[in-house]
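[1] Have a look; sequence and predicted model below, questions after that.
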Amino acid sequence: MGMLLAVGFVGTLGGATTLAYWNDTATVQGGTATAGSLDVKVDGQQGNPTTYTWMALQMTEMAPGEIVAASLPISNAGTTPFTFTVSGTATGVAGSGGASMLPQVTVKVRVGGTASAKATAYPRKETCSGGTETFSAVLDGTAKPVVPTGAVMVPGGSTSMCVTLELAAGAPNTVQGASMTPTFVVTATQS
């Protein structure tokens, strides 16, 4: 019995020893993920939240048959490529004869176009050249797609939108003194 107890005691001592294993750890931290930005600018300006007034597209004392033209640079100031669309509306003040000027003004839009120099001699007929015509119609209070789709614009990229406003040669006398103000909304969408 003493022998059995001694063997049991030696067996217990053998099982109580521990083996040491080496170990090591490595910590991995990912790089920082940063959101990009989508930022469309018109004529170098934000136009949001405050509306940008495009003073180049105006002509005072417009006579029937006269045309005003201006080019609006559109650029990608963000870090994300986008496509853009442009919608247009117009508001007006009736003339002394009570007629609106809106149905008498044809609006034409050319993407990538360039406006001619400002005309100073009557009849003033400014033009847009180059690019692709995307719209030719009358604007009113209902938004119309004047640039239905644009190509992908990479960060730092730009194009122009050239617009002409032509007062109909046959505009009635009741339009005298009337005015119209076109408004264009450029919408950039991540591509």
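    Thanks, I have the structure now.

[2] Low-confidence stretches in the protein?
    1-18 (pLDDT under 70).

[3] where along it do the helices fall?
    With helices called from DSSP state H, the chain shows them at 2-16.

[4] Going along the chain, name the strands of it.
    Assigned by DSSP state E, the chain shows strands spanning 40-42, 67-76, 82-93, 105-111, 114-115, 128-129, 132-137, 144-147, 158-167, 179-190.

[5] Now tabulate those in JSON lines and tack on distance to Asn23.
    Using the backbone N, CA and C atoms, a C-beta is placed for each residue, glycine as well. JSON lines is the format used below for the strands of the chain (distance: least, Cβ to Cβ, whole Å):
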{"stretch": "strand 40-42", "distance to Asn23": "55"}
{"stretch": "strand 67-76", "distance to Asn23": "52"}
{"stretch": "strand 82-93", "distance to Asn23": "51"}
{"stretch": "strand 105-111", "distance to Asn23": "65"}
{"stretch": "strand 114-115", "distance to Asn23": "71"}
{"stretch": "strand 128-129", "distance to Asn23": "74"}
{"stretch": "strand 132-137", "distance to Asn23": "68"}
{"stretch": "strand 144-147", "distance to Asn23": "64"}
{"stretch": "strand 158-167", "distance to Asn23": "58"}
{"stretch": "strand 179-190", "distance to Asn23": "47"}
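
[6] Go through the ones you listed and name the closest to Ala121.
    strand 67-76 (13.2 Å; Cβ to Cβ).

[7] and the strands of the chain as JSON lines, adding mean neighbour count and distance to Tyr52?
    Converted to JSON lines, the strands of the chain look like this (neighbours: other Cβ atoms under 10 Å; distance: least, Cβ to Cβ, whole Å):
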{"stretch": "strand 40-42", "mean neighbour count": "19", "distance to Tyr52": "6"}
{"stretch": "strand 67-76", "mean neighbour count": "21", "distance to Tyr52": "9"}
{"stretch": "strand 82-93", "mean neighbour count": "18", "distance to Tyr52": "13"}
{"stretch": "strand 105-111", "mean neighbour count": "22", "distance to Tyr52": "17"}
{"stretch": "strand 114-115", "mean neighbour count": "18", "distance to Tyr52": "17"}
{"stretch": "strand 128-129", "mean neighbour count": "17", "distance to Tyr52": "20"}
{"stretch": "strand 132-137", "mean neighbour count": "14", "distance to Tyr52": "20"}
{"stretch": "strand 144-147", "mean neighbour count": "19", "distance to Tyr52": "16"}
{"stretch": "strand 158-167", "mean neighbour count": "22", "distance to Tyr52": "13"}
{"stretch": "strand 179-190", "mean neighbour count": "16", "distance to Tyr52": "10"}
